[in-house]
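1. Okay, sequence plus prediction incoming.
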Amino acid sequence: MTAAFALSTSAGEKPPSTPAPSDPHKFLEDVLGDKSLDWVKARNKECISALGDPTATERYRRILAILDSKDKIPSVRQIGDGYLYNFWQDEKHVQGIWRKTTLDSYRSNELEWTTVLDLDALPPPTTGTASTWVWHGSSLLEEGPGGKWDRALISLSPGGSDADITREMDLVTEKFVDPEDGGFALLEAAKTSVDYRSRDEVLVGTDFEGDGSSLTDSGYPRVIKSWKRGTPLADAVTVFEGEKADIAAHQWAYHDRGGTVHEFRIRSITFYTSKYWYRPLTLDGLASTTADIEEVPFEPVPIPEDAEISTFGNEATINLRTDWQPPGSDITYKAGALITAPMEEVMKNNWSNVMVLFEPTQTCSLQGTTKTKDCIVLSVLEDVRTALVIWKSEGSGTWTIVPSPDDSVPVGEDVSVTNVNRDSAHDNSVFLWRDGYLKPDALELVPDVGSGLLKGEPLKSKPAMFDATGLCVDQHFCESKDGTKVPYFVMRKENLVFDGSNPTLLDAYGGFEISMLPGYSAGVGAGWLEQGGVKVIANIRGGGEYGPKWHQAALKEKRYKCYEDMEAVAQDLIDRKITCPSKLACIGGSNGGLMVGNLITRPLASRLFGSAVCQVPLLDMKVYSHLLAGASWMAEYGDPDKPEEWAFLRKHSPYHILRHDNLGIPEEGAASKVQVENADWKCPKVLFTTSTRDDRVHPGHARKMVRSLIGEALAMGKAETVYYWENVEGGHGGAADNKQRAHMWALTYEFLAQMLELKS
């Protein structure tokens, strides 16, 4: 962006005199304010004018064709003993359809689908800027053995926001059940949790009064009520309340193996700590007694607050996030371990019959579990390569290992399992999925995982959607500043010339214990790899690739560790002569957007990267906890309202580093004369993207950062190229349908191609 686009209100102005004013860009936090939206429209126009209309490009056509392709493998789940259901979007079904088919049809090459719900046929939403519905899924009525599986609660979001509405559907007639006929309906969009407890009762948490008083500071349900069929929501009875400072409260009951019935309550205190309460129920009791009059008392579950508990029949399964020695035990179980014990004994704080199903090592972590009728399948990572481990329950707390292939998948590939049935206790069948960065998805049906994974029936395979001929995947390790070994993957041409001239895109996330695992992305292939670009995925600290300790190594005051990891990977790519700073870009969204914000403002990182793409980011760490869902992330980043935590948060708040450390603009209440800490800093060329409808990460973060870069940094000669694109729909994902997704990614790759001089 040239100086002609600088804001006239701030371009060329000197830092103000004492006292420093409040944030001059704060008006952009008014999401739907006229002044804010006028600013957004102007920036969008400038972006398209400079980069070109992405919908007129071959990239857009390729990416949209990929997203709409009927050659994609439709992911299905069975409901009861009947149909397999799938949600699908393409050029004819822009908002999408929920549809069903039989297993025999799914096995064939000519699938026959029956549409259950067509979102495009629904009257459009009337919420804010939203004009389309986004599918948020379904919650089923489970009634235990002999259940009908004939009802579902359907959640739809206006424009892609986290807030949604809920309607009850009869899966036999395939029609919504009208509230006048006793159907459950929540028609005001809100962040809601709602689940069946029995046929005529749901447990619901929402913004009951419409004033936020029944929500937490994070904007999620705090009050849970028992709502009976045929009664108004106003008559629902409160059964559980969390605290205002909690992230959320929840209560749910469910049927388990062997006719057991469980009911839990949970206060999610922080993102990683919770308090659980539990009571055992009976089949008849759950069906006949509502939650508000059930006499069986809840008792606290005696596990660490950072542990997670679920059940497998009468057994409890517990995931640990820190080392733990239970009361009366001489054994310490490691952080990242998975243990089981009889639920009845757990509630008595008796840990004499614990069995360890997984114990981590320095290089091996548990990524997830899939439960079937008799088995638990563990997804295990060894240096970011997946292997599957199967445990089979023999009853009475006895578990045995099922023989399975010993080898992990090849570098750059992945394998996973999902239940065939929405009821995990229905049988032992699973879908086995295989894919990789360069390997299209393939799907097998394993009828009995308890007999091993080698007897799978090939069902579907996706054809190649980009030309991977001559491409390869490498895995490298580099040392971060403190000596920690950091892995990363490189997708490149086999005959790549190592002369430092290759346009390279470095992607990472580094937060919330989320792992960046290999997967087939045809959009990356068509938009970047085919044209000679190099794509890098870095498994930096803050993620979950090596378990809880890998994540905890970059929490709060240690946040800078994940940015040092990115600097180490970037330097290693340069040292290997894969690329050079002017040809290297970083990209990240959400927490990854915070990472990019730090990389473009840190003194070292800003010299390592020539360009950057910052997607749906949080950037102003002083106010993030007061915007939308921000309060729920304080366990990850820290509390800016506590002086001792703001002291370290300030060091990785990109908005403050930019304006105060790099540009010398005084902070509020500070003296007017400020010494610039990073006098040599200059911003890499950068594109910011976000969504007006994002009600998780406030779009004000990106708006304010861009207004400062354009109106302050650019005027001082500290920024050269700054573009901004805000989609009026899309929620935190940035797009609500395939056309919007194709638009966003075509724009992104066009920016990168121009900045890094990628020649197609």
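-> Yes, it's here. Keep in mind that what you see is a predicted model, and the values were worked out from it rather than measured.
2. can you give me the end-to-end distance of stretch 549-556?
-> 14 Å (C-alpha to C-alpha, to the nearest Å).
3. what does it contact?
-> 321, 335-336, 365, 484, 510-513, 540-544, 560-562, 635-638, 645, 648 (C-beta atoms under 8 Å, 6 or more residues apart in numbering). Where you see a C-beta, it was placed from the backbone N, CA and C, and this is true even at glycine.
4. what comes up buried for that stretch?
-> K549, W550, H551, Q552, A553, A554, L555, K556 (16 or more other C-beta atoms under 10 Å).
5. quick one: the residue positioned nearest the centre of the chain from G368, how far?
-> Nearest residue to the geometric centre of the chain (C-alpha atoms, centre = their mean): I514, 8.0 Å. According to C-beta to C-beta, to the nearest Å, I514 and G368 sit 12 Å apart.
6. again with R257
-> 20 Å.
7. do V415 as well
-> 12 Å.
8. got it, and V490?
-> The value you get for V490 to G368, if C-beta to C-beta is used, is 25 Å.
9. Tell me which of the two has more neighbours.
-> Neighbours of V490 and G368, each counted by other C-beta atoms under 10 Å, are more numerous for V490; the result is 23 against 15.
10. Report pLDDT for the more buried one.
-> If you check V490, the pLDDT there is 98.
11. Tell me if it really is in a strand.
-> Yes. Looking at V490 with DSSP: H, G, I helix; E, B strand; the rest coil, it is inside a strand.
12. excluding its backbone neighbours, what's nearest it?
-> D474 (4.6 Å; C-beta to C-beta, 6 or more residues apart in numbering).
13. residues in contact with the one you found?
-> So D474 contacts V411, F489, V490, R492 (C-beta under 8 Å, 6+ apart).
14. Got the confidence number for M465?
-> Confidence score, pLDDT, at M465: 97.
15. could you say which helix or strand contains it?
-> For M465, there is no host helix or strand (DSSP states H and E).
16. swap in S708?
-> helix 700-708.
17. which residues make contact with that helix from outside it?
-> 7, 23, 25-26, 28-31, 36, 39-40, 43, 593, 597, 614, 616-620, 624, 627, 654-655, 658-659, 663, 688-690, 722, 724, 726.
18. Quick check, R422 in contact with V76.
-> No. R422 lies out of contact with V76 (C-beta atoms under 8 Å); the separation is 10.3 Å.
19. okay, those two: which has more neighbours?
-> Per other C-beta under 10 Å, whichever of R422 and V76 has more neighbours is V76, with 22 against 17.
20. residue contacts, that one?
-> By C-beta under 8 Å, 6+ apart, the residues touching V76 are L84, Y85, N86, T101, Y106.
21. Which strand residues bridge the fourth one?
-> According to DSSP bridges, the residues that bridge with T101 are L84.
22. Tell me where the stretch 401-550 of the chain has helices.
-> Taking DSSP state H, counting those that start in this stretch to define them, one finds helices in the stretch 401-550 of the chain at 522-524, 548-552.
23. now the ones you listed in CSV, with mean pLDDT?
-> CSV is the format used below for those (pLDDT from 0 to 100):
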stretch, mean pLDDT
helix 522-524, 96
helix 548-552, 97
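24. closest to T504 out of those helices?
-> Minimum separation from T504 across the helices of the stretch 401-550 of the chain (C-beta to C-beta) falls at helix 522-524, 12.8 Å.
25. What lies in contact with that closest one?
-> I63, I66, L67, P440, M465, F466, M491, K535, W745.
26. what's the most distant pair in those residues?
-> Most distant of the contacts of helix 522-524, by C-beta to C-beta, are L67 and M491, 20.1 Å apart.
27. returning to that earlier point: just the ones of the contacts of helix 700-708 in strands?
-> In strands, defined here by DSSP state E, the members of the contacts of helix 700-708 are C614, F688, T689, T690, V722, Y724, E726.
28. For burial, what's the neighbour tally of the residue nearest to the first one when sequence neighbours are not counted?
-> Distances taken as C-beta to C-beta, 6+ apart place V596 nearest to C614, at 4.2 Å, with adjacent residues excluded. For V596, the count of nearby residues is 31 (other C-beta under 10 Å).
29. again with T127
-> The burial count for T127: 16, using other C-beta under 10 Å.
30. Just the element for it, please.
-> T127 belongs to no helix or strand, assigned by DSSP H and E.
31. pretty sure it contacts A189?
-> Yes. T127 is in contact with A189 according to C-beta under 8 Å; the separation is 5.3 Å.
32. Sketch out the low-pLDDT regions of this protein for me.
-> Scanning the chain with the threshold set as pLDDT under 70 gives 1-21, 405-407, 669-673, 729-736, 760.
33. Let's see that with 50 instead.
-> 1-20 (pLDDT under 50).
34. which residues in the stretch 601-750 of the chain form helices?
-> 605-608, 634-637, 643-649, 654-656, 700-708, 738-756.
35. Deepest in the core, which of those helices is it.
-> When those are scored by mean count of other C-beta atoms under 10 Å, the highest mean neighbour count falls to helix 700-708 (a mean of 26).
36. For F489, which residues count as its bridge partners?
-> With DSSP bridges as the criterion, F489 is bridged to Q475, I537.
37. what's it in contact with, if anything?
-> V384, V411, G412, Y437, V473, D474, Q475, H476, P518, V536, I537, N539.
38. Got a quick PyMOL command for the buried subset of these?
-> Of those, the buried ones can be selected in PyMOL as follows, counting by 16+ other C-beta under 10 Å:
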select buried, resi 384+411+412+437+473+475+476+518+536+537+539
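39. Please tell me how far L687 sits from P617.
-> From L687 across to P617, the span is 12 Å (C-beta to C-beta).
40. Could you do M634 as well?
-> Relative to P617, and taking C-beta to C-beta, M634 is found at 17 Å.
41. Give me the residues contacting stretch 293-301.
-> By C-beta under 8 Å, 6+ apart, the list of residues contacting stretch 293-301 reads 263-265, 275-281, 285, 289, 309, 346-347.
42. Show me what counts as buried in it.
-> Buried, per 16+ other C-beta under 10 Å, within stretch 293-301: E294, F298, V301.
43. From I318, how far out is the last one?
-> Pointing back at V301 there. Separation of V301 from I318 (C-beta to C-beta): 9 Å.
44. what is in contact with those two at once?
-> The contact lists of V301 and I318 share I309, V346, where a contact means C-beta under 8 Å, 6+ apart.
45. Number of residues surrounding the residue nearest to V261 when sequence neighbours are not counted?
-> Leaving out its chain neighbours, the residue that sits closest to V261 by C-beta to C-beta, 6+ apart is L281, at 4.1 Å. Counted by other C-beta under 10 Å, the residues lying close to L281 total 19.
46. Show the contacting residues for C562.
-> C562 neighbours (C-beta under 8 Å, 6+ apart): A508, G510, G511, I540, R541, G542, A554, M595.
47. again with P360
-> Applying C-beta under 8 Å, 6+ apart, we find P360 in contact with K334, A335, G336, A337, L366, G547.
48. The residues you listed in strands, which ones?
-> Going by DSSP E, the strands hold L366 from these.
49. can you pick the most crowded of the contacts of P360?
-> Counting by other C-beta under 10 Å, top hit in the contacts of P360: G547 with 26 neighbours.
50. how much space between N678 and E345?
-> In terms of C-beta to C-beta, N678 sits 58 Å off from E345.
51. what do you get for D150?
-> Distance from D150 to E345, counting by C-beta to C-beta: 37 Å.
52. which residues does the closest residue to L122 other than its chain neighbours bridge with?
-> Distances taken as C-beta to C-beta, 6+ apart place W133 nearest to L122, at 5.9 Å, with adjacent residues excluded. Taking DSSP bridges as the rule, W133 bridges to P158.
53. follow-up on the earlier one: doesn't V616 make contact with the residue nearest to C614?
-> No. With contact defined as C-beta under 8 Å, V596 does not reach V616; the gap is 10.8 Å.
54. Many thanks, I have nothing further to ask.
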